[in-house]
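> All I have is the shape, not the residue letters:
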């Protein structure tokens, strides 16, 4: 039979393991030293998931990816895609953006991507970035593939 102290110890151990795993995953979700890149690289994240927006009579879908660099980079480019899931559950690219504007050191730079029509369904924003640090080290985040977030968007009828 398990005592309350044994159960409590097991629960605390599980919480600690999950917390450590989350902290490790968080480190991987940055362009800094946690992803295998240079500690002087850039961090990037989905700042706003795909969501509906309205501008006058126009309704569309937008998302924002944010980047923050520790130091001014020699080179920097971010590749963004906005995608929509079709009826066959396949992702269709609906907008692509490449931006080479270098973020100012220590300040968050937002990179928006949008489409000017809104169809209800699942949307995905995904990105990757690459650059060269001040000391000449190349980095890419994520190290392969894309980083993405998916959200269901409801559109006005």
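Now that the structure is in, tell me what you want to look at. Every value quoted in this text rests on a predicted model; they were computed, and no experiment measured them.
> Let me know the average pLDDT across the lengthiest strand in the chain.
Assignment by DSSP state E gives strand 42-55 as the longest strand of the chain. If you average the pLDDT over strand 42-55, you get 92.
> again, but for stretch 76-85
Per-residue scores along stretch 76-85 average to 95.
> re the thing from before, tell me which residues of the longest strand of the chain come out buried.
Neighbour-count burial for strand 42-55, counted by 16 or more other CB atoms under 10 Å, picks out 42, 43, 44, 45, 46, 47, 48, 49, 50, 51, 52, 53. No exception for glycine: its C-beta is placed from N, CA and C like everyone else's.
> and these, which two are the farthest apart?
Farthest pair in those (CB to CB) is 42 and 52. Separation: 28.9 Å.
> returning to that earlier point: out of the buried residues of strand 42-55, which one sits closest to residue 128?
Nearest member of these to residue 128, counting by CB to CB, is residue 44, at 8.5 Å.
> The closest one contacts residue 131, doesn't it?
No. If you go by CB atoms under 8 Å, residue 44 and residue 131 don't touch, sitting 10.4 Å apart.
> can you redo the buried residues of strand 42-55 as CSV with distance to residue 74?
Compiled in CSV, these are given as follows (distance: CB to CB, whole Å):
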residue, distance to residue 74
42, 12
43, 17
44, 17
45, 22
46, 25
47, 24
48, 29
49, 31
50, 32
51, 34
52, 38
53, 35
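> Which residue ranges of the chain form strands?
In the chain, strands defined by DSSP E lie at 42-55, 58-69, 75-85, 91-99, 108-115, 121-132, 138-141, 147-153, listed in chain order.
> From the chain's centre, how far out is the shortest one? Work that out for me.
The one in question is strand 138-141. 15 Å (CA atoms, centre = their mean, to the nearest Å).
> Alright, calling it a day.
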